[in-house]
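**Student:** I would like the atomic coordinates for the input below:
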Amino acid sequence: MRKTLATILIILGFSMIVATVNVQAFPQWVGIPGGIILAIIAAFVGVTDLASKLKNARDLFFGDGKKDTPTHARRAPAERKQMMIDSPDGEQTMKGKGGKQTQEMKNSERGKQRME
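**Tutor:** As a prediction, this is how the structure comes out:
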């Protein structure tokens, strides 16, 4: 509703500017009864016709309203790392899907690691 009202007000503003220039250029409009109102109406019709030929007037002034965001944003796959240090009988299990998974074992002779 706000955009529609603002669009109408913008078109009326342009129409008033065109009507003023028209009356300045052709002073005969002032001598005709109701000539100024006719000049304003003619300018309004001309401006709205021009705006409709260029693009939808609301889209012309306010953009098309479409956002460029993707519909399904994906997050980066997780990076997981496990380390076993100085654990002679330690056990590690890593479960998960996707992403980079690494396991490292130092000084753990009988240690067991499993990645699923």
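**Student:** ramachandran angles for the closest residue in space to Q82 that isn't next to it in sequence?
**Tutor:** Excluding its sequence neighbours, the residue lying closest to Q82 (CB to CB, 6 or more residues apart in numbering) is Q103, at 4.7 Å. Yep, even glycine has a C-beta here, placed from its N, CA and C like the rest. Backbone geometry at Q103, expressed as degrees, to the nearest 10, gives phi -130, psi 140.
**Student:** show the pLDDT at Q103.
**Tutor:** On pLDDT, Q103 comes in at 77.
**Student:** what about the strands in this structure?
**Tutor:** Here the chain has its strands, by DSSP state E, at 79-85, 91-94, 100-106, 112-115.
**Student:** buried residues, the first one. List them.
**Tutor:** By neighbour count, and taking 16 or more other CB atoms under 10 Å as the criterion, the buried residues in strand 79-85 are M84.
**Student:** what mean pLDDT would you report for that strand?
**Tutor:** Mean predicted confidence for strand 79-85 is 78.
**Student:** counting by contacts, list what that strand packs against.
**Tutor:** Other elements packing on strand 79-85 under the criterion 3 or more CB pairs under 8 Å, 6 or more residues apart in numbering; DSSP states H and E are strand 91-94, strand 100-106.
**Student:** can you report how many residues neighbour the residue nearest to Q82?
**Tutor:** The tally of other residues near Q103 (other CB atoms under 10 Å) stands at 15.
**Student:** cool, thanks, signing off.
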